[in-house]
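K.L.:
Have a look at this prediction, sequence included:
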Amino acid sequence: MEEHETCSERTVERQRDATNEDCLSELTKGRCPVNFPVAVVLPAAGSGERTGLSTPKQFCKILGRPLISYTIHAFERVFWIDSIVVVVAKESHDLMTDIIQKYNHTKVKIVEGGSTRHRSIFNGLLAFSEQGFGPKLQKPKVVIIHDAVRPFLEEDFLLKITLAANKQGASGAVRPLVSTVVAATTGGYLDHSLERARYRASEMPQGFIYDIIYQAYQHCSEAEFKFGTECLELALQHCGTSAVLIEGPSSLWKVTHKQDLASAEAVIKESLSQSACIITGECTETQNLSTWMKNGLMAEGMWVDAIPNIEQGMTLSTNRNLIKLSVNSPKSVEIEEFMKMCEETKDVLYPFVILWVYLNVSGQASFSQENDEASAIMTLAEDAQKRNIFLYCVRLSYSKDSTECERTMNKLCQITVALIRDRSAAFSGQMLYA
Ligand SMILES: Nc1ccn([C@@H]2O[C@H](COP(=O)(O)OP(=O)(O)OP(=O)(O)O)[C@@H](O)[C@H]2O)c(=O)n1
Ligand SMILES: O=P(O)(O)OC[C@@H](O)[C@@H](O)[C@@H](O)CO
């Protein structure tokens with residue numbers, strides 16, 4: 001067995017505790033613990049060969065939005081991040097520019113990538129130095145390097161990585177190995193295996209004192225540029241900086257194969273369906289229905305607000321799912337008006353759901369009225385989908401019989417949860433019945 005100086009369980013534990021204490025002490029003093037400039041480099045110039053898709057995975061859409069936009073948004077939400085350099089292939093420059101414009105990414109600068117990941121990362125770092133091309137960005141104290149195809153970033157973990165890098169010179173996210181690492185002979189037979197507990201999988205984000213990682217890349221050999229995959233190793237080999245390894249959450253994984261895109265969509269859908277806001281209107285029936293729905297949806301694990309109406313210019317809560325209750329058969333004009341108010345008040349950059357629940361109190365079959373409106377609503381829904389809004393309609397058969405009423409309400413909650421969670425285009429604009 002080759003002797004490796006690797007992280008033992010205890011070492012990683014001690015590092016994590018020390019980092020936690022740093023963060024905690026700063027945060028409990030009520031001040032932002034990051035009092036130095038921080039920038040991000042997102043390598044996104046790869047071709048994504050292992051997905052087998054023609055579109056590079058960072059530009060593949062999830063719920064109508066390119067994967068890279070989720071990653072950028074995750075960093076832009078962090079107020080102490082000053083700038084984000086996205087490193088893309090020359091042929092993707094215009095596409096990246098369009099994405100920045102469409103999703104209003106304000107902190108982003110595009111830099112051209114290189115033939116390997118290390119070359120792309122170095123090009124990103126050059127954006128902060130005199131040697132770079134184009135206007136120089138303010139040099140950060142700490143630079144975060146993060147694969148653009150790792151969209152699930154947790155701010156508190158990013159804070160740990162950043163503070164640790166500022167203190168230690170370099171820091172990196174690690175995860176326990178799932179499979180054992182083995183070495184093969186040239187003939188393809190087992191040579192030896194590594195003791196799994198002594199090793200970690202190196203993930204992202206990684207943090208560096210900018211001057212350290214910049215200097216490391218300046219000393220990179222051609223072989224390192226061509227075959228290397230580990231930035232932490234460059235800091236160790238060329239600057240003698242041994243990164244602190246911090247165990248991160250399981251959400252750090254990298255989209256690599258085609259099935260990872262489906263997994264990423266499932267995670268994003270789950271995150272978008274945690275909460276809902278019921279617009280109750282003013283009448284007694286819808287307010288009673290609202291109370292029932294709120295209890296039913298919260299029993300399904302959703303967080304539910306209820307407000308009487310959307311006022312012009314008000315800011316809706318950050319949820320992505322609106323449930324509009326009405327005793328009148330939905331009219332496309334009314335729905336369009338409601339959607340316009342939502343778009344004024346909400347960031348529709350994420351796909352969100354409008355569920356129009358129509359409580360047929362009169363009990364009169366208004367099928368003719370509904371049919372007249374049905375095609376208009378379907379057309380409206382098709383157009384809404386281009387604006388990242390999924391419009392669903394449910395007609396509730398109103399009954400005074402308590403058993404029937406309970407059945408109807410349970411069915412309504414099941415349909416609501418399914419529509420919010422699945423965000424399926426197939427049901428958009430359709431009139432469903434409960
Ligand atoms: N020349 C390269 C190669 C990769 N990357 C980026 O580095 C990250 C992680 O690399 P990887 O998952 O290997 O992406 P690809 O190289 O695109 O994937 P593949 O190896 O399957 O082609 C990705 O965001 C990728 O876009 C880069 O900026 N420049
Ligand atoms: O090798 P790939 O280009 O697939 O991905 C890069 C990964 O190696 C890298 O993101 C982490 O291992 C941390 O260095």
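P.N.:
Ah, there it is. Ligands and ions are numbered 1, 2, ... in the order given.
K.L.:
Val149 - that's part of a helix, no?
P.N.:
No - read with DSSP: H, G, I helix; E, B strand; the rest coil, Val149 is coil and lies in no helix.
K.L.:
Which residues are in contact with the residue nearest to it when sequence neighbours are not counted?
P.N.:
In space, and not counting its chain neighbours, Val149 is closest to Val255: 4.2 Å by C-beta to C-beta, 6 or more residues apart in numbering. For glycine as for every other residue, the C-beta is placed from the backbone atoms N, C-alpha and C. Residues in contact with Val255, defined by C-beta atoms under 8 Å, 6 or more residues apart in numbering, are Thr51, Lys57, Leu67, Val149, Arg150, Pro151, Leu261, Ala264.
K.L.:
go again using 10 Å as the cut-off
P.N.:
When contacts are counted by C-beta atoms under 10 Å, 6 or more residues apart in numbering, Val255 touches 48, 50-51, 57-58, 60, 62, 67, 71, 147-152, 261, 263-264.
K.L.:
Now go through those residues and say which are in strands.
P.N.:
Per DSSP state E, strands hold the following members of these: Ile62.
K.L.:
Buried ones only from the contacts of Val255, please, as a PyMOL command.
P.N.:
A single PyMOL command suffices to select whichever of the contacts of Val255 are buried according to 16 or more other C-beta atoms under 10 Å:
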select buried, resi 48+51+57+58+60+62+67+71+147+148+149+150+151+152+261+264
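K.L.:
quick one on the thing from earlier: find me the pLDDT at the residue nearest to Val149, would you?
P.N.:
As predicted, Val255 sits at a pLDDT of 98.
K.L.:
Could you measure from Ala216 over to ligand 2?
P.N.:
In this view, Ala216 and ligand 2 are 13 Å apart by C-beta to the nearest ligand atom, to the nearest Å.
K.L.:
Could you double-check that that residue lies in contact with His238?
P.N.:
Yes - the pair Ala216 / His238 is scored as a contact, 4.2 Å apart, by C-beta atoms under 10 Å.
K.L.:
between those two, what contacts are shared?
P.N.:
Going by C-beta under 10 Å, 6+ apart, residues that sit against Ala216 and also against His238 are Glu224.
K.L.:
These two: which has the busier surroundings?
P.N.:
For Ala216 and His238, the more surrounded residue by other C-beta atoms under 10 Å is Ala216, and the numbers stand at 25 against 18.
K.L.:
just checking, that one is part of a strand?
P.N.:
No - in this structure, Ala216 is helix, not part of a strand, as judged by three-state DSSP.
K.L.:
Tell me, what's the model's pLDDT at it?
P.N.:
98.
K.L.:
so what's it up against?
P.N.:
Counted by C-beta under 10 Å, 6+ apart, Ala216 has contacts 122, 125, 170, 208, 224, 231-241.
K.L.:
Show only the entries of those residues found in helices.
P.N.:
Taking DSSP state H as the definition of helices, the contacts of Ala216 contribute Phe122, Leu125, Glu224, Cys231, Leu232, Glu233, Leu234, Ala235, Leu236, Gln237, His238, Cys239.
K.L.:
which one is the residue sitting nearest the centre point of the chain nearest to, not counting chain neighbours?
P.N.:
The residue lying closest to the centre of the chain (C-alpha atoms, centre = their mean) is Tyr70, at 4.4 Å. Using C-beta to C-beta, 6+ apart and skipping the chain neighbours, the partner closest in space to Tyr70 is Pro151 (4.0 Å).
K.L.:
Understood, closing this out.
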